[in-house]
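Visitor: Here is my input; please provide its structure:
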Amino acid sequence: MHKIPKGVVVRVDKGYEGLEEEYPQLRVQKPRKARRGHPLTVLEKIYNRAMSTLRIPVEHAIGHLKKYRLLAGIYRGKQEHYDESALVIAGLHNYKELGGLSW
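Guide: Numbering: from 1, shown residues only. Have a look, this model is predicted:
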């Protein structure tokens, strides 16, 4: 989170409670939560739907990447090889999504 440039909007899901307090320099957008005795208003429901629509492609990409066991479970290899292996997996995913190479 420290490497995210200022001015970039970070869209997260409901699991990131307290992110704004921990990183006040970030512009964080997350869905609204209903509280006990305070249900969501119509506008908050519309906002949550819009946020969900924007996050769907991200969640799908994460799901595709997790098909590879390297990213889904505990990594038991050498630590210095993890980043390179993750980049190869991301490259394979992008190759598949783009339908091959385009020169």
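
Visitor: just the helices in the chain please.
Guide: If DSSP state H is used as the criterion, the helices of the chain fall at 19-22, 42-65, 69-72, 79-98.

Visitor: weakest of those in terms of mean pLDDT?
Guide: Lowest mean pLDDT of the helices of the chain: helix 69-72, a mean of 80.

Visitor: helices or strands next to that helix in the packing?
Guide: Packing partners of helix 69-72 (3 or more Cβ pairs under 8 Å, 6 or more residues apart in numbering; DSSP states H and E): helix 79-98. All C-beta atoms are positioned from the backbone trio N, CA, C, and that covers glycine.

Visitor: how far off helix 42-65 does the helix it packs on point, in degrees?
Guide: With axes from the mean of the first three to the mean of the last three Cα atoms, to 10 degrees applied, the angle from helix 79-98 to helix 42-65 works out at 110 degrees.

Visitor: phi, psi of residue 15?
Guide: Note on residue 15: its backbone torsions stand at phi -70, psi -10 [degrees, to the nearest 10].
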